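S.K.: Any chance you can model this:
(one chain, ligands or ions: 1)
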Amino acid sequence: MRGQAPSCTVQTPASLAGALEILFAEKGSWRPLAGGTDLMVPFAAGTLPFTRFLNLWGLEELQGIEVAPDSLTLGALTTYAEIRNHPVLRAEFPNLVQSAWVTGAMAIQNRGTLAGNIANGSPAADTPPSLLAYGAEVQLQSLAGSRWVPYESFHTGYKQTAMLPEELITRIRVHRPAGDTFHFFRKVGTRKAQAISKVCLAAYARAEAGRVAEFRLGLGSVAPVPMRALTTEMLIQGQSIDAFHERFIAGAKQALMEDIRPIDDIRSTASYRRKVAANVLGQLLEEMAERFRRQ
Ligand SMILES: Cc1cc2nc3c(=O)[nH]c(=O)nc-3n(C[C@H](O)[C@H](O)[C@H](O)COP(=O)(O)OP(=O)(O)OC[C@H]3O[C@@H](n4cnc5c(N)ncnc54)[C@H](O)[C@@H]3O)c2cc1C
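M.R.: The predicted structure follows:
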């Protein structure tokens with residue numbers, strides 16, 4: 001879609017401190033620009049309502065993946081290609097790696113960033129379900145200081161976030177899994193690549209002494225924001241692995257259909273999304289039970 005792209009102003013600060021000063025001095029009037037893969041679509045179509053961009057792309061402080069004994073911290077500018085190729089992410093956070101693989105095509109994966117994907121606030125974005133399943137935290141920074149926000153409270157409404165106009169996302173942190181863990185990611189779309197999700201689901205579970213000791217379920221495209229399915233999680237967490245028989249799984253699927261709040265839109269219907277999410281959960285639980293029974 002091509003339209004009349006307006007003229008625009010781009011500032012390229014030399015450091016994170018410089019970027020934060022600009023944001024603080026004229027609150028709300030500069031739009032952070034990372035890979036530009038979200039912003040440039042409406043910009044080129046002439047439908048983007050702002051024309052002042054703060055270019056973050058070269059900022060070293062927002063790059064890199066740090067590996068600590070108990071956590072991994074990804075710089076805001078980490079691209080999908082960097083996620084896909086990182087050995088520790090590949091070994092310990094397969095959901096995040098899979099969500100990077102199914103985001104757009106190669107060109108998008110080389111340029112699009114993790115922080116851009118979440119700051120954009122789309123309920124259909126592909127990394128949020130994985131970040132929710134991994135219990136991620138987001139670091140927000142302004143001239144006044146920095147704060148860590150649990151990712152599950154970052155999205156406050158459709159396209160709305162907990163971020164203040166003078167703040168930037170600087171890093172995203174996930175805690176390294178330990179023990180007997182299970183990871184599951186499924187994106188359901190019209191095609192495997194270059195398709196926006198109709199339903200996206202990611203799960204992380206840990207078993208201990210024959211029980212599900214930890215279970216988190218992140219979903220996309222089934223509510224105004226990426227969401228955790230808390231009632232369904234409560235049903236599953238603490239359960240004995242032996243309890244995962246047909247009737248229990250049917251009950252969990254029903255709980256998920258009640259947890260989510262999908263809508264009818266051009267990509268799908270609410271009723272289709274409910275059924276698909278429930279069926280994917282059924283498959284997940286069967287795989288999880290089989291995996292943990294092999295302990
Ligand atoms: C052809 C195509 C296919 C795509 N396919 C997919 C797909 O399959 N799945 C999917 O999820 N997405 C997809 N996208 C969307 C997009 O590529 C991703 O959302 C990407 O991660 C956005 O990152 P970016 O760095 O390009 O963000 P930008 O476009 O630079 O910015 C996006 C938003 O984030 C804000 N922002 C960026 N960085 C920061 C920061 N550090 N702090 C605060 N705010 C920030 C910007 O101000 C803007 O509001 C696709 C896009 C295109 C054009």
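S.K.: What helix or strand is the closest residue in space to G179 that isn't next to it in sequence located in?
M.R.: Distances taken as CB to CB, 6 or more residues apart in numbering put R206 closest to G179, at 5.4 Å, once the chain neighbours are dropped. Yep, even glycine has a C-beta here, placed from its N, CA and C like the rest. The secondary structure element spanning R206 is strand 199-208 (assigned by DSSP states H and E).
S.K.: repeat for P177
M.R.: Since the elements are taken from DSSP H and E, P177 ends up inside neither a helix nor a strand.
S.K.: What of A124?
M.R.: Under the criterion of DSSP H and E, A124 resides outside all helices and strands.
S.K.: Go ahead and confirm it touches S197.
M.R.: Yes. Under the criterion of CB atoms under 8 Å, A124 is in contact with S197, at a separation of 5.2 Å.
S.K.: and for those two, which residues touch both?
M.R.: Here A124 and S197 share the contacting residues G220, S221, scored by CB atoms under 8 Å, 6 or more residues apart in numbering.
S.K.: Those two: which has the busier surroundings?
M.R.: Neighbours per residue, other CB atoms under 10 Å: of A124 and S197, the larger number sits with S197, 26 against 18.
S.K.: Roughly how far does the residue nearest to the more buried one when sequence neighbours are not counted sit from the ligand?
M.R.: By the measure of CB to CB, 6+ apart, the closest residue to S197 outside its immediate chain neighbours is S221, 4.5 Å from it. S221 is 10 Å from the ligand, where distance means CB to the nearest ligand atom, to the nearest Å.
S.K.: residue contacts, the residue of the chain found nearest the ligand?
M.R.: Using CB to the nearest ligand atom, the point where the chain gets nearest to the ligand is G116, with a distance of 2.2 Å. For G116, the contacting residues are A34, G35, T37, D38, taking CB under 8 Å, 6+ apart as the criterion.
S.K.: Confirm N95 sits in a strand?
M.R.: No. Under DSSP: H, G, I helix; E, B strand; the rest coil, N95 falls outside any strand and is assigned helix.
S.K.: can you pull the contacts of it?
M.R.: Contacts for N95 (CB under 8 Å, 6+ apart) come out as P129, S130, A133, Y134, H183, F184, F185, A202, A203, Y204.
S.K.: Now, those that are in helices?
M.R.: Among these, the members falling in helices (DSSP state H) are P129, S130, A133.
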